[in-house]
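Q: Return atomic coordinates for the entry below.
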Amino acid sequence: ANIEALAEQGFDICLIDTAPGLGVALVAALYAADCVLSPIELEAYSIQGIRMMLTTIMNVRKENRGLQFLGMVPSKVDARNPRHVRHLAELKAAYPQLIVPVSIGLRSSIADALASGVPVWKIRKTAARKATQEMRGLAAYVFDKMEIAQ
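A: Residues are numbered from 1 along each chain as shown. As a prediction, this is how the structure comes out:
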């Protein structure tokens, strides 16, 4: 009902960010959502939870038939870390249709932006420019998948 009230006020998109665990908040968000995008860290504990996350989404789809899974976004990626490079390659091989073609790097400028409560493009660091490109690339991907004009 609250999401319907937002739509009546003219909002086109409502972003629901839940904790990374598979709990009640995530399930409630999935029941209310039209689309879901899942950030995934390239660490063993995150990768081990993928099957359970996909099962949860499939179970919710039984009730929320319109729920569209946009994919998994590799997040906090350190391209210099061989483990991250290997895990990303393994994920792309195992889930070729489910890995978003844009990844978000491990950058201190993102943490700075979060701590300051400002968009990353307001941070004046060289790394913030790359983070801005990644974030805008991800937004473009999501808008395209959701068929929203930019």
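Q: how many other residues sit next to Ala33?
A: Look at Ala33: counted by other Cβ atoms under 10 Å, it has 20 neighbours. C-beta here means a position set from N, CA and C on the backbone, and glycine is covered the same way.
Q: Next one: it from Ala111, what distance?
A: Per Cβ to Cβ, to the nearest Å, Ala33 is found 26 Å from Ala111.
Q: likewise Leu42?
A: 17 Å.
Q: Leu15 too?
A: As defined by Cβ to Cβ, Leu15 lies at a distance of 19 Å from Ala111.
Q: Which of the two has more residues huddled nearby?
A: Higher neighbour count among Leu15 and Ala111: Ala111, with 14 against 7, using other Cβ under 10 Å.
Q: that's a strand at Ser38, yeah?
A: Yes - looking at Ser38 with DSSP: H, G, I helix; E, B strand; the rest coil, it is inside a strand.
Q: isn't it right up against Val73?
A: Yes - with contact defined as Cβ atoms under 8 Å, Ser38 counts as touching Val73 (6.9 Å).
Q: Tell me the gap between the longest strand anywhere in the chain and the middle of its chain.
A: When the chain is scanned for its longest strand (criterion: DSSP state E), the result is strand 68-77. Distance, stretch centre to chain centre, for strand 68-77: 5 Å (Cα atoms, centre = their mean, to the nearest Å).
Q: If you count neighbours, what's buried in it?
A: Neighbour-count burial for strand 68-77 flags 69-77 (criterion: 16 or more other Cβ atoms under 10 Å).
Q: Dump those into TSV; add distance to Gly23 and pLDDT as well.
A: Shown next, in TSV, are these (distance: Cβ to Cβ, whole Å; pLDDT from 0 to 100):
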residue	distance to Gly23	pLDDT
Phe69	18	94
Leu70	21	94
Gly71	21	94
Met72	18	95
Val73	20	96
Pro74	23	96
Ser75	19	94
Lys76	21	94
Val77	25	95
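Q: longest helix anywhere in the protein?
A: helix 126-145 (DSSP state H).
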